[in-house]
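In: Provide a 3D model corresponding to the input given below.
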Amino acid sequence: MDSMIHPDDLRRALETAAPAWGLLQTRYGQLAETECACGQPGVCCRFLPEMTFAEALQWVEVLRRQTPPRRADTIRRFIEFYATCPLHTGGCPFLDAGRCSVYLQRPFACRAYGLWSMETGRRRTADNRASRELLARQWKRFGVDLPAENIQAEMDYCGHVSHRPPGVAGDEGLLEVLAGIYELDRGFAPLSDRFETHYHSDFSFLLAGMLLGHRKAVLGKFAVVKDLARQQPVGRLEALLDQVRPERLFADLHT
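Out: Coordinates of the predicted model:
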């Protein structure tokens, strides 16, 4: 059985996704609004958040509604993010001058930042750091030493985020909202399961896999990261980006 997600799969999912997006916004509306006073807008957006498949479809719809030139530029940034992470990542491709350009469609993981308790936030940060250390060891097994100084580090959980009630804040309430968001993904099975299992809930991987082919995306990433780790010219990155043809995907999605 094919375990990948193809443009036709997205097209069919998008045809029935609008009710799920409405419910997503309802779930999001339960959360308290956040505001950060750290003075560094966008600094917490250096990595892409994990998301559900319904949330990923929201982002596909955002791309679909962009003008072709802007869409091509945004997708190029997503593919570059995928190919160069965990080295040289420039932050979420939807960041614009330190601000979120898809604020109304930002996923739960972004909205919940600062609403978790400090204990949970710090534990999640520690878990993320441990995952990045494990990833570095896995790259080393394949002969690639990731320079520690070049790996994008997980920042400390921010203590400058305030929230305005009414709205859900705190671990127990957040988990209840998150459970409701995951419930929406049942309507997209088995694609939602494939997105989580084979694309690791990574939107940039999803785009790269569909626009380049899964095998080429994975092998291309390996080659690019290997070059970056050895401080080689970035020709293979440019060659990979030159193969991206957004119209191949979005022409089938009836822009």
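
In: Touching the helix or strand hosting Q25 from outside, list them.
Out: In this structure, Q25 is located in helix 18-28 according to DSSP states H and E. Helix 18-28 has contacts (C-beta atoms under 8 Å, 6 or more residues apart in numbering) with 54-55, 57-58, 61, 104, 108, 111, 177, 180-181, 184, 187-188. C-beta: built from backbone N, CA, C; applies to glycine.

In: 7 Å instead?
Out: Taking C-beta atoms under 7 Å, 6 or more residues apart in numbering as the criterion, the residues outside helix 18-28 that touch it are A54, E55, Q58, R111, V177, G180, I181, L184, G187.

In: biggest separation within those, which pair?
Out: Checking those against each other with C-beta to C-beta, the farthest-apart pair comes out as R111 and G187, at 21.2 Å.

In: Give me the more crowded residue out of the two.
Out: Legend: neighbour count by other C-beta atoms under 10 Å for R111 and G187, higher for R111 (20 against 16).

In: quick one: what helix or strand has the more buried one in it?
Out: Secondary-structure element containing R111, defined by DSSP H and E: helix 108-112.

In: export the helix or strand that that helix is followed by as PDB, just CAs?
Out: Note on helix 108-112: by DSSP H and E, the next helix or strand toward the C-terminus is helix 118-141. The C-alpha trace of helix 118-141 is given here as PDB (Å, rounded to 0.1, in the frame of the first residue of the first chain):
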ATOM      1  CA  MET A 118       6.800  27.000  33.100                       C
ATOM      2  CA  GLU A 119       7.400  23.500  34.400                       C
ATOM      3  CA  THR A 120       5.900  21.900  31.300                       C
ATOM      4  CA  GLY A 121       7.400  24.500  29.000                       C
ATOM      5  CA  ARG A 122      10.900  23.800  30.300                       C
ATOM      6  CA  ARG A 123      10.300  20.000  30.100                       C
ATOM      7  CA  ARG A 124       9.200  20.300  26.500                       C
ATOM      8  CA  THR A 125      12.300  22.400  25.700                       C
ATOM      9  CA  ALA A 126      14.500  19.800  27.300                       C
ATOM     10  CA  ASP A 127      12.800  17.100  25.300                       C
ATOM     11  CA  ASN A 128      13.400  19.100  22.100                       C
ATOM     12  CA  ARG A 129      17.000  19.500  22.900                       C
ATOM     13  CA  ALA A 130      17.400  15.800  23.600                       C
ATOM     14  CA  SER A 131      15.800  15.100  20.200                       C
ATOM     15  CA  ARG A 132      18.200  17.400  18.400                       C
ATOM     16  CA  GLU A 133      21.100  15.600  20.100                       C
ATOM     17  CA  LEU A 134      19.700  12.300  19.000                       C
ATOM     18  CA  LEU A 135      19.300  13.600  15.500                       C
ATOM     19  CA  ALA A 136      23.000  14.700  15.500                       C
ATOM     20  CA  ARG A 137      24.000  11.200  16.500                       C
ATOM     21  CA  GLN A 138      21.900   9.700  13.700                       C
ATOM     22  CA  TRP A 139      23.500  12.000  11.100                       C
ATOM     23  CA  LYS A 140      26.900  10.900  12.500                       C
ATOM     24  CA  ARG A 141      26.000   7.300  11.800                       C
END
